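Novice: below is the structure, and that's it, no one-letter string:
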């Protein structure tokens, strides 16, 4: 159930790398229990936003609050403790190649709760069952698994500390439609099983429509006027198709639209310069 109280609050967030401005004046709040999908073209800063939320990237201006505390004001030890309340599902699973599946799933427990070692195997087996994997995979290494299985191992690892917030970075990228839908169903089951708040970065509109309560769309700053809003949509998934903003409807429908016109214009200019 979604609560009105925000678990994450982002205020006037600005992030740049050198001269490259990636996020500009981003403000949004995420209520407890909500599943938020952040969509947008490559280069619009979606993954940068995720990393800023957990303090891996420091903003030049603005701030992120988690559970009422400003992330940028936390000391390293405090920040490390706060991160145990998050689960992060990486785009390519980011499993340790030299470790077995069991060792990968257990890694957060061994790092953060070594005194509870007698309970570790039970927790691991529960998480493994929740993502629909058999115990026969425990002794395998990531290279021996399919892409979909690696994603599920990554989800099991993210769940092992029973986080309050789950961050997903392109969870269905590189998967076929059937395996992608398996991941979607697992995300929904996780949301229904745990009182978790989820933020999903994705290009996959089927995922966004099926899993998310809310969609926010960012636009690349390189394609915006200096004072234009970077957040060009914030609403329910069903409302994306009804948006009056062509940039939103073309993205969610997968239509090249205006981009083809721009390409033709560039070709014409290049021809004239020859």
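Specialist: Cool, got the structure. Bear in mind that the values here come from a model prediction, so they are computed numbers and not experimental data. Numbering: from 1, shown residues only.
Novice: and the strands in this structure?
Specialist: With strands called from DSSP state E, the chain shows them at 6-17, 20-31, 35-39, 61-66, 69-70, 86-89, 165-169, 197-201, 214-218, 231-235.
Novice: wait, what's in contact with the closest residue to residue 97 other than its chain neighbours?
Specialist: Excluding its sequence neighbours, the residue lying closest to residue 97 (Cβ to Cβ, 6 or more residues apart in numbering) is residue 142, at 5.7 Å. Quick note: C-beta positions are derived from backbone N, CA and C, even for glycine. If a contact means Cβ atoms under 8 Å, 6 or more residues apart in numbering, then residue 142 has 93, 95, 96, 97, 101, 104, 150, 153 as its contacts.
Novice: show me the shaky parts of this protein.
Specialist: Counting by pLDDT under 70, the chain contains low-confidence residues at 1-4, 257-274.
Novice: tally of neighbours for residue 132?
Specialist: 14 (other Cβ atoms under 10 Å).
Novice: what of residue 135?
Specialist: Neighbours of residue 135 under the rule other Cβ under 10 Å: 12.
Novice: do you know how far it is from residue 116?
Specialist: Distance, residue 135 to residue 116, using Cβ to Cβ, to the nearest Å: 21 Å.
Novice: burial of the closest residue to residue 235 other than its chain neighbours, as a residue count?
Specialist: In space, residue 235 comes closest to residue 215 once its chain neighbours are excluded; the distance is 6.5 Å by Cβ to Cβ, 6+ apart. Residues lying near residue 215 (other Cβ under 10 Å) number 24.
Novice: ok, residue 184 next?
Specialist: Using other Cβ under 10 Å, residue 184 has 20 other residues around it.
Novice: gap between it and residue 35?
Specialist: Applying Cβ to Cβ, the value for residue 184 to residue 35 is 11 Å.
Novice: go on, residue 16?
Specialist: Separation of residue 16 from residue 35 (Cβ to Cβ): 29 Å.
Novice: also residue 200?
Specialist: 7 Å.
Novice: residues in contact with the closest residue to residue 205 other than its chain neighbours?
Specialist: Counting by Cβ to Cβ, 6+ apart, residue 205 lies nearest to residue 252, which is 5.1 Å off, once chain neighbours are set aside. Residues near residue 252 by Cβ under 8 Å, 6+ apart: 39, 205, 240, 241.
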